[in-house]
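**Student:** Could you work out the structure for the sequence below:
(one chain, ligands or ions: 1)
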Amino acid sequence: MAEQKPSVSTFRKMKREQKPIVMLTAYDAPTAALAVKCGVDLLLVGDSVGNTMLGYSSTIPVTMEESLHHCRAVVRGTQSNAFVIGDMPFMSYHVSEESALLNAAKFLQDAGCDAVKMEGGFDVVPLVKRMTTAGVPVCAHIGLCPQQVKVQGGYRIAGRTEDAAERLMQEALALEEAGAFMIVLECVTAPVADKISKALSIPIIGIGSGSACDGQVQVVTDILGLSGYIPKHAKRYANLAAVMEEAFTNYVEDVRSKQFPTAENAHQ
Ligand code: KIV
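**Tutor:** Numbering: from 1, shown residues only. Reported below is the predicted structural model:
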């Protein structure tokens with residue numbers, strides 16, 4: 001019998017049973033299908049698509065249309081059998097609650113996602129409540145919020161001072177209370193992430209936030225060696241850049257030297 005598609009309750013149960021949750025970003029159909037085949041529990045079509053796939057230098061330029069385009073590919077690639085979170089891009093949930101709700105609905109209705117992710121703490125709590133009430137599962141995202149890069153003047157580790165740690169804890173509790181089904185904690189110091197994971201009953205998914213979180217998320221191009229550099233929080237499980245370089249070089253050489261195509265590749 002085919003395995004049942006995960007739901008928000010699957011992840012809550014995994015937290016209760018202390019079974020680590022594995023999340024990975026995906027932006028295209030074949031990668032998404034492979035990740036799920038290999039046991040990844042849920043996929044995030046992150047706005048990191050901007051840096052990883054679209055050639056932008058940050059996530060700021062990513063548009064709703066670009067996000068939806070990649071979400072549709074991921075959902076198709078997994079034949080709607082995986083839990084897919086669509087990441088709401090910069091300014092798609094800040095203009096008004098109404099436009100935020102309509103944009104969130106596009107991820108569920110148009111792209112076939114199961115939930116949306118939004119960056120922000122206290123500022124998005126009322127919106128998380130409104131979306132959850134309307135039937136949109138929300139994964140919150142606190143700590144380092146890449147959409148704030150221009151205001152912050154760079155990417156900073158979160159939770160280093162007592163005040164910052166306390167604020168993160170209060171934000172996490174408020175987001176849980178508002179109905180978020182999961183929280184991504186990005187680049188939060190490990191002791192603070194540990195406390196937050198223990199204090200909340202919803203799953204806490206870390207990236208650069210230590211091993212005490214209920215699960216981990218990684219950017220797929222980082223673990224595959226396609227990002228050009230390895231961030232401190234990532235582990236490179238393959239060097240696909242080297243594999244691709246060799247393949248492209250061999251292809252170029254074969255065509256130039258007329259070793260490809262051979263008779264086998266030709267239609268008679
Ligand atoms: O956009 C993204 O890929 C993310 C993850 C880094 C959590 O937000």
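**Student:** Can you give me the distance of the most centrally placed residue in the chain to the ligand?
**Tutor:** With distances taken as C-alpha atoms, centre = their mean, the chain has residue 44 as the residue nearest its mean C-alpha position (3.4 Å). Residue 44 sits 6 Å away from the ligand, going by C-beta to the nearest ligand atom, to the nearest Å. Backbone N, C-alpha and C define where each C-beta goes, glycine included.
**Student:** And for residue 239?
**Tutor:** Residue 239 is 21 Å from the ligand, by C-beta to the nearest ligand atom.
**Student:** Count residues in the vicinity of the residue lying closest to that residue once chain neighbours are set aside, would you?
**Tutor:** Closest residue to residue 239 in three dimensions, ignoring its sequence neighbours and counting by C-beta to C-beta, 6 or more residues apart in numbering: residue 225, at 4.0 Å. For residue 225, the neighbour count with other C-beta atoms under 10 Å is 18.
**Student:** Equivalent analysis for residue 112, please.
**Tutor:** 17.
**Student:** Quick one, grab the pLDDT at it.
**Tutor:** Here the pLDDT value assigned to residue 112 is 98.
**Student:** My guess is it contacts residue 72. True?
**Tutor:** Yes. With contact defined as C-beta atoms under 8 Å, residue 112 reaches residue 72; the gap is 6.9 Å.
**Student:** on contacts alone, who are the packing partners of the strand or helix carrying residue 101?
**Tutor:** Residue 101 belongs to helix 97-109 when assigned by DSSP states H and E. In terms of contacts (3 or more C-beta pairs under 8 Å, 6 or more residues apart in numbering; DSSP states H and E), helix 97-109 is packed against helix 64-77, strand 115-119, helix 125-134.
**Student:** Could you list the contact residues of the protein toward the ligand?
**Tutor:** 25, 44, 46-48, 87, 141, 184, 186, 207, 217, 219 (C-beta under 6 Å from any ligand atom).
**Student:** Would you mind putting these into JSON lines with pLDDT and secondary structure alongside?
**Tutor:** Below are these laid out as JSON lines (pLDDT from 0 to 100; DSSP: H, G, I helix; E, B strand; the rest coil):
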{"residue": "25", "pLDDT": "98", "secondary structure": "strand"}
{"residue": "44", "pLDDT": "98", "secondary structure": "strand"}
{"residue": "46", "pLDDT": "98", "secondary structure": "coil"}
{"residue": "47", "pLDDT": "98", "secondary structure": "coil"}
{"residue": "48", "pLDDT": "98", "secondary structure": "coil"}
{"residue": "87", "pLDDT": "98", "secondary structure": "strand"}
{"residue": "141", "pLDDT": "98", "secondary structure": "strand"}
{"residue": "184", "pLDDT": "98", "secondary structure": "strand"}
{"residue": "186", "pLDDT": "97", "secondary structure": "strand"}
{"residue": "207", "pLDDT": "98", "secondary structure": "strand"}
{"residue": "217", "pLDDT": "98", "secondary structure": "strand"}
{"residue": "219", "pLDDT": "98", "secondary structure": "coil"}
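**Student:** What is the nearest of these to the ligand?
**Tutor:** Minimum distance to the ligand across the residues of the chain next to the ligand is 2.2 Å, recorded for residue 46 (C-beta to the nearest ligand atom).
**Student:** Point out where the stretch 1-150 of the chain drops to low pLDDT.
**Tutor:** 1-2 (pLDDT under 70).
**Student:** Tell me where the stretch 101-250 of the chain has strands.
**Tutor:** Assigned by DSSP state E, counting those that start in this stretch, the stretch 101-250 of the chain shows strands spanning 115-119, 138-143, 182-186, 204-207, 215-218.
**Student:** In CSV: the ones you listed, plus distance to residue 29.
**Tutor:** What follows is the strands of the stretch 101-250 of the chain, written out as CSV (distance: least, C-beta to C-beta, whole Å):
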stretch, distance to residue 29
strand 115-119, 19
strand 138-143, 22
strand 182-186, 23
strand 204-207, 23
strand 215-218, 19
